[in-house]
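Peer 1: Show me how the following folds:
(2 chains)
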Amino acid sequence: MVNKHVNAIVIGAGAGGGVVAKELATGGLSVVLFERGRWHTFDEHGDDELTSQRTFPLKCGYGPDNERNWRMAPDGKNGWIKVFPNDWSYGNNAACVGSGTVSYGAMAWRFQPDDFHLKTKYGAVPGSTLDDWPLSYDELEPYYEKAEYELGVSGDPTNDPYVPPRKKPYPMPGFSFNREGIILEKAAKRLGLHPFPIPMLRNSVPYNGRPACIRMRTCVGFACPVGAKAGTQNTVIPIALKTGNCELRINCMVSEIIVDDRGKAKGIRYFDANNKLQEQTSDLVVVSASASETARLLLNSKSKLFPNGAGNNNGWVGKNIQDHAYSGAHGLFADEVYDDVGPGACIAINDFNHRFPDIIGGGVLCNEFIRMPYQFTSVRPSGSRMWGKDHKDFQKHNFKRHIVIMGPVQEMPVFDKMVEVDPSVKDFWGIPVARISGFRHDNDIKVGHFLADKAEKWLKEAGAIQTWQAVAGKQSTPSQHQSGTCRMGNDPKTSVTNKYGQLHEIDNIFIADGSLHVNNGGYNPALTILSLGYWVGGHINEMWKGTKMR
Amino acid sequence: MRLFTGGTAAVLISFNTACRNKISQWRYLNEEEIALLDAIVEQVIPTDDFPGGKWANVSNFIDKQLSTYYAKHKSVYREGLAAFEKTVIQMNGKKFEELPFGDQTAVLIKMEAGEFSGNYWKDHPSSGFFDMIRQHTLQGFYGSPLHGGNRGYISYRMLGIDYPNVIGQNRYNDLSWRKYNPNSPENGK
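Peer 2: Sure, this is the predicted structure:
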């Protein structure tokens, strides 16, 4: 049976794809939303730490599965080894309806206005492909607001002098601090810093038909049992489906975008839930499969005019992959600081982002999400014995006496930090797999030390009796914050899409995920990806009205 | 399904058939391997005022995972435990389980440092095998009991956190949001 032709195919039902599908479906286009994973619920996973999306020794509960989705990773000896989604060197995000937004920590950051023109602000950075975005903060601001209101964000910027300009208040009040937050707030104020509650895509009060947060310990890495955490799976995707214009096709692995000899996308090929190869034609294709899988799909979509992959005649697809060079400090306290009020992360300071001329970028500093018992076994000052009496004593004494402050250090884009397609290794379906390689820029390590110093001072002021720093190294595999592999730009020689996420070279293929980021901000990127979904989706609707993409 | 609650397998079969036709209570590992593993996991998480790795059924966790998620590590355990036993007997003249606790610790310190010598360890550094057992032990002790370890949520009791995690608890102790007015100028900038 031949699938009925549709206006738009959206590949990947995560942050970007969920929003785009909703925008197009409500705009009147017929849409098929493809997702390689399936629906998940909290009940299916419970509070099992070993199969969460945070620590995943047994498997990544929210996908993808180890049985079909391997990749290659550098083996450290100029070769490659096969890695699986629950290996750290895989660089996994998630694969399910809602994808990362099901099990994320749900921090709802806007990037700073400066993040959109870093090159202008700091000048060229040797060894980095740093550039300005073709898009300004002011242009994206209405879309940030739309994401905040349609999905639901709780926040209170009253005490943050560095809050990015906003026209409307957050739709919900900010969260109260847990015990860690109360201790850290006082200390930050004594240091002259400006602490405020982390904005969250999580209901502080009932909102949009979903209840308020119940402050679970198991939040980040898990689905929410009551639906207080907003993801695309419980907000925009249901709206898209309700229009009747959008069909969600789950358990479907897209293998290729079909590009004809005139250089137009005609649709896609995919393996359905029974692993049967099918075709779906469309007027346009939106790829929102995450920075690694979006790049892999374009690279695997070879055609007469694009022998190196769709939109890749300049060789920029898959380059510049970024994440965050998380750095910060741990502190141990004489008294208990743990009160089991989840998700743990609650307090932030914006004082160390873009305010120091010799520090390029920077990042927000936040207290961490609750460390689960197994995760906590790796929290030790260097030189500690990690087993035996030392292990158990530390675990018993310090589980409730530990605070960690970390910052997502903005990484400088590096051209050769990249996603490629392996020339010979194929996945379960026979699709060439991704391989990710490259090293962080030295600037990331420098800024990491800068932020770790600030975090440690904050902990000491809060009364920590022992502290130690944790600074990111050169080695990294971008995972949940992966971005940058199909950057937007005005110059088709040094970017993959224009400012609307439309491929420079193929005008009916669009990107709508973190791949578009020119740089990744000093913040968790989810809200920016959601906003870009609205931005790209809105512009597709505008273009559709004019030309119908034909 | 947990086949056995104790870390040490008692023999269920009457003594005269047991020798001839011993049925293992385990999925992959055998009785001797379990006995050795029990002693190792007890070193990784020793008993003090709270039970240790052996009581918490960590060996059961490992055996269960070797039959499922950790099937890829099966031969590492089989060959590694055999080489471990041989090495310990060469070093100490006794099986690991028979050594005093402090001597066992000393053996594992050497193992962790990669100082086991012998043919097997040339290709399989002892530090790597130690770290694998250490990680799996911590997973078994602190992970969800549904995987076969953490008997009775013992690690959660030890850490003083409630178990199982209560769903539906409403932890609001701060009702200040009720005074929140989204239209107030102080909430927008």
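Peer 1: With chain A in mind, check whether the helix or strand hosting B:F61 reaches it.
Peer 2: Following DSSP states H and E, one finds B:F61 within helix B:58-66. Yes: Helix B:58-66 lies within reach of chain A by CB under 8 Å from any CB of the partner chain, at B:Q65. Glycine gets a C-beta too; all of them are placed from N, C-alpha and C.
Peer 1: what sits up against that helix?
Peer 2: Residues from elsewhere that reach helix B:58-66 (CB atoms under 8 Å, 6 or more residues apart in numbering or on different chains): A:58, B:2-4, B:7, B:26-29, B:34, B:37-38, B:41, B:44-45, B:53, B:70, B:73-74, B:77, B:133, B:136-137, B:139-141, B:143, B:147-150.
Peer 1: Downstream of it, the next helix or strand is which one?
Peer 2: Using DSSP H and E, the first helix or strand after helix B:58-66 is helix B:74-92.
Peer 1: Centre of the chain to the next helix or strand after that following helix, how far?
Peer 2: Counting by DSSP H and E, the next helix or strand C-terminal to helix B:74-92 is helix B:101-112. Here helix B:101-112 is found 17 Å from its chain centre; the criterion is CA atoms, centre = their mean, to the nearest Å.
Peer 1: Likewise for stretch B:127-138?
Peer 2: 9 Å.
Peer 1: Just the buried residues of that stretch, please?
Peer 2: B:127, B:129-138 (16 or more other CB atoms under 10 Å in any protein chain shown).
Peer 1: Export only the CA atoms of that stretch, formatted as PDB.
Peer 2: Listed next in PDB are the C-alpha coordinates belonging to stretch B:127-138 (Å, rounded to 0.1, in the frame of the first residue of the first chain):
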ATOM      1  CA  SER B 127      42.300  -3.100  37.700                       C
ATOM      2  CA  GLY B 128      39.600  -3.300  35.000                       C
ATOM      3  CA  PHE B 129      38.000  -6.400  36.400                       C
ATOM      4  CA  PHE B 130      38.100  -5.000  39.900                       C
ATOM      5  CA  ASP B 131      36.400  -1.800  38.700                       C
ATOM      6  CA  MET B 132      33.700  -3.800  36.900                       C
ATOM      7  CA  ILE B 133      32.900  -5.800  40.000                       C
ATOM      8  CA  ARG B 134      33.000  -2.600  42.100                       C
ATOM      9  CA  GLN B 135      30.600  -0.800  39.900                       C
ATOM     10  CA  HIS B 136      28.200  -3.700  39.600                       C
ATOM     11  CA  THR B 137      28.300  -4.100  43.400                       C
ATOM     12  CA  LEU B 138      27.400  -0.500  43.900                       C
END
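Peer 1: and chain A, which of the buried residues of stretch B:127-138 reach it?
Peer 2: Applying CB under 8 Å from any CB to the buried residues of stretch B:127-138, those adjacent to chain A are B:134-135, B:137-138.
Peer 1: Mind checking which of these land in helices?
Peer 2: Within those, residues falling in helices by DSSP state H are B:134-135, B:137-138.
Peer 1: Put together a markdown table for those, with distance to A:S495 and pLDDT on each row.
Peer 2: Listed next are these as a markdown table, based on distance: CB to CB, whole Å; pLDDT from 0 to 100:
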| residue | distance to A:S495 | pLDDT |
| --- | --- | --- |
| B:R134 | 47 | 98 |
| B:Q135 | 42 | 98 |
| B:T137 | 49 | 98 |
| B:L138 | 45 | 98 |
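Peer 1: out of those residues, who's nearest A:V433?
Peer 2: Taking CB to CB as the measure, A:V433 lies nearest B:Q135 of those, at 26.1 Å.
Peer 1: Leaving out chain neighbours, which residue sits closest to the closest one?
Peer 2: A:P57 (7.2 Å; CB to CB, 6 or more residues apart in numbering or on different chains).
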